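**Student:** below: sequence and its predicted model.
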Amino acid sequence: MYYISYTMALYFQVFIGQRRTVTVFESGRTPYNSSRLAILDEAGQFISSDNLMFNASDYGVGPKRRLTMDYDGILRLYSLNESSGFWELSWLPDGVDACLVHGLCGEYGVCTYKPQPTCACPHGFTRNDPSDGSKGCSPVFNLSHDSINSEFMELPNTDYYGYDLETYSPKVSFQECQKSCQNDTRCKGFGYTLDGLGHCFPKSLLLNGFSMPNTLQIMHMKIPKGFLSNEVLNGPVTYDLNCSAAQVVLQSSDVEVEKGNKNRYMDYLIGFVSSFAVIEAICIGLTWWYIFRKQAKEEFVNMGYIALAMGFKRFTYVELKKATNNFKQEIGKGGFGTVYKGVLDDERVVAVKRLDGVLQGDAEFWAEVSVIGNINHRNLVKLWGFCADNQHKLLVYEYLENGSLDKILFSDVELGLEQRYKIAVGTAKGLSYLHEECLEWVLHCDVKPQNILLDDQLEPKVADFGMSKLFTDIHGIKDMQGMGFSKARGTRGYMAPEWIMNLNIDSKADVYSYGIILLELLSGKSASILISALAKEYNECNQLVQFVTEKIKKEGLKQVIDPRLLPEFELKKLERLMKVALLCVHEDRNARPAMSKVVEILLENIE
């Protein structure tokens, strides 16, 4: 059973009640406490403190479910289809109108249905960012707000909700409303209702625009005088919310037919050829529409997974190419791709991972990335955004100055026992969260020092979690004993024995890799380097494990410990770390502890 505390004050009333104003008392709250409580139980029933109730379409105990505020501002309930691995929609609020989501199309933008929610720019305006409708439109002319040099362009059945000036008034004539806006330099346009009540809505900003047949209002946008008479009004340039662009051109002309047989025959010929060309164009258009309709619909639904809140956004490839100075400064390289340092337009320093290999399709990629992006823990690297431009797949992470653990541990940098213990505990907490605490069960599958980053306080943050689910092999096979893997994933020296033996993979594979990292922290030796150095002497599963266990048996713990730790030799703490490490690298995975148990054991020593 999931208990949800949420502060979306009028969310359900706004969408279900079609923008009806609801008082705090009607929704079961008080002016002193606007929070609400809700429960989503295992059977898929939702009950909230303001008496809202609904059931999932697949009501009953069994499916895993998630209640998500999607990128378009609409709350949806999804259920996991175990056979396909996809989240399927199992509840949507009745009467939801996506175009009523505030700010969906940015400044001057207008949301329409064609048939999906589509962002349009009024005539004389252009898209600020072809890949992001929320960034709105800009005029191609210089806006003039004085009464002498301005006139108004009509947008039928259109409203820009909110931002009304204090000069708003009901029961006024159209002429009075127009004059009021024309003489006010702050006014960018006005709406005038067609319901006979004479409501005049002068606007200081043109945001939250939408156009629907049942909107009883005409929007009048202030433009430079003479602009409409100098150009043919071809209609708005529209942009699908899936970032594809199209231009709707409505043209009409009167053809003057001259008298005379010769001109008449020419007109007939032109008409026949034109009709044939129009029919051919319509057929081609319908064919392309039919081919891509299903794909576009799927992508639109899957984009609902993407949470743009908390700074998580979708970048364009051009943006990230600029931020990284054409991918100039490489700061890391791993099995999943190369990492570059970059600086965004808001001056945030980021790490941009350029993914290599054969990736999933865009819809699946967006869905998996949204899961990774919504995982938050102090010991996990935060994902800020992503890019999915055709073949370009990139992830944007927070940047950590001290880099990865291997660059410090296997260098001349002094790393004391307390710092190493802190790194061990923090890494264990991050993995424990992935395995047992977050809503999505996540296996890392490539735990190694290169994927443990350190901040300025040497606090560890696990990176590259969830990456395995973004990839598929060259044949598209995605299953290995039901765990979503078609081949062994990881790095030699850190891979658990079950990978090699083609056994089912679970969280104990990550536990094994963590145990290798503990042995590296204690011995100061790299597991990957020992693979080649000790290959002849130790031929079994892991050379570092063999090396440590045999050294301890023959010469004792002190002979295994990194010589740099000997000046601060604390036997009890070192013994505890070694005990945990050897438990984690046990060949029998059932004998390995869960990561939560590892955290518990290590924290006992600190307390």
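**Tutor:** Sure, I can see it. Residues are numbered from 1 along each chain as shown.
**Student:** so what would you say the end-to-end distance of stretch 56-67 is?
**Tutor:** One end of stretch 56-67 sits 10 Å from the other (Cα to Cα, to the nearest Å).
**Student:** this structure - how does it break down into domains?
**Tutor:** 2-96, 100-247, 256-304, 309-398, 405-606 (automatic domain parsing).
**Student:** export those domains to JSON lines and tack on mean neighbour count and mean pLDDT?
**Tutor:** C-betas here are computed from N, CA, C, even on glycine. As requested, the domains of the chain are arranged in JSON lines below (neighbours: other Cβ atoms under 10 Å; pLDDT from 0 to 100):
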{"stretch": "domain 2-96", "mean neighbour count": "15", "mean pLDDT": "69"}
{"stretch": "domain 100-247", "mean neighbour count": "17", "mean pLDDT": "80"}
{"stretch": "domain 256-304", "mean neighbour count": "11", "mean pLDDT": "57"}
{"stretch": "domain 309-398", "mean neighbour count": "18", "mean pLDDT": "82"}
{"stretch": "domain 405-606", "mean neighbour count": "18", "mean pLDDT": "81"}
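**Student:** what pairs with residue 454 across the strands?
**Tutor:** With DSSP bridges applied, residue 454 shows beta-bridge pairing to residue 460.
**Student:** doesn't residue 413 make contact with it?
**Tutor:** No. Using Cβ atoms under 8 Å, residue 454 makes no contact with residue 413, being 10.5 Å away.
**Student:** quick one: residue 567 is in a helix?
**Tutor:** Yes. Counting by DSSP: H, G, I helix; E, B strand; the rest coil, residue 567 is part of a helix.
**Student:** any idea how far it lies from residue 365?
**Tutor:** Noted for residue 567: a distance of 50 Å to residue 365, by Cβ to Cβ, to the nearest Å.
**Student:** ditto for residue 132
**Tutor:** Taking Cβ to Cβ as the measure, residue 132 falls 18 Å from residue 365.
**Student:** same thing with residue 80?
**Tutor:** For residue 80 relative to residue 365 (Cβ to Cβ), the value is 18 Å.
**Student:** for residue 53, same thing?
**Tutor:** The spacing between residue 53 and residue 365, counted by Cβ to Cβ, is 35 Å.
**Student:** quick one: the helices in the protein, in order.
**Tutor:** With helices called from DSSP state H, the chain shows them at 11-16, 174-182, 227-230, 261-303, 317-323, 362-373, 405-409, 417-432, 497-500, 508-523, 527-533, 543-555, 571-584, 595-606.
**Student:** what helices or strands is the last one leaning on?
**Tutor:** Same thing as helix 595-606. In terms of contacts (3 or more Cβ pairs under 8 Å, 6 or more residues apart in numbering; DSSP states H and E), helix 595-606 is packed against helix 417-432, helix 508-523, helix 571-584.
**Student:** mind checking which of these is nearest residue 593?
**Tutor:** helix 571-584 (5.6 Å; Cβ to Cβ).
**Student:** identify the residues contacting that closest one?
**Tutor:** 417, 421, 424, 511-512, 514-515, 518-519, 521-522, 548-549, 552, 557, 560-561, 565, 591-593, 598, 601-602, 605 (Cβ atoms under 8 Å, 6 or more residues apart in numbering).
**Student:** re earlier: need the helices and strands packed on helix 595-606 in JSON lines (columns: distance to residue 222).
**Tutor:** Listed next are the helices and strands packed on helix 595-606 as JSON lines, based on distance: least, Cβ to Cβ, whole Å:
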{"stretch": "helix 417-432", "distance to residue 222": "54"}
{"stretch": "helix 508-523", "distance to residue 222": "61"}
{"stretch": "helix 571-584", "distance to residue 222": "69"}
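**Student:** which one of the helices of the chain lies nearest to residue 49?
**Tutor:** helix 11-16 (11.8 Å).
**Student:** one step back: need the helices of the chain in a markdown table (columns: distance to residue 337).
**Tutor:** Formatted as a markdown table, the helices of the chain follow (distance: least, Cβ to Cβ, whole Å):
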| stretch | distance to residue 337 |
| --- | --- |
| helix 11-16 | 38 |
| helix 174-182 | 54 |
| helix 227-230 | 49 |
| helix 261-303 | 22 |
| helix 317-323 | 13 |
| helix 362-373 | 13 |
| helix 405-409 | 17 |
| helix 417-432 | 21 |
| helix 497-500 | 21 |
| helix 508-523 | 19 |
| helix 527-533 | 19 |
| helix 543-555 | 26 |
| helix 571-584 | 28 |
| helix 595-606 | 26 |
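**Student:** quick one: the strands in the stretch 351-500 of the chain, in order.
**Tutor:** Under the criterion DSSP state E, counting those that start in this stretch, the stretch 351-500 of the chain contains strands at 383-389, 392-398, 452-454, 460-462.
**Student:** want to throw these into TSV with distance to residue 222?
**Tutor:** Shown next, in TSV, are the strands of the stretch 351-500 of the chain (distance: least, Cβ to Cβ, whole Å):
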stretch	distance to residue 222
strand 383-389	36
strand 392-398	39
strand 452-454	52
strand 460-462	51
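**Student:** any idea which of these gets closest to residue 103?
**Tutor:** Proximity to residue 103 (Cβ to Cβ) singles out strand 383-389 among these, at 18.3 Å.
**Student:** return the distance of the closest one from the chain's centre.
**Tutor:** Relative to its chain's centre, strand 383-389 lies at 7 Å (Cα atoms, centre = their mean, to the nearest Å).
**Student:** show me what that strand is packed against.
**Tutor:** Using 3+ Cβ pairs under 8 Å, 6+ apart, strand 383-389 sits against strand 313-314, helix 317-323, helix 362-373, strand 392-398.
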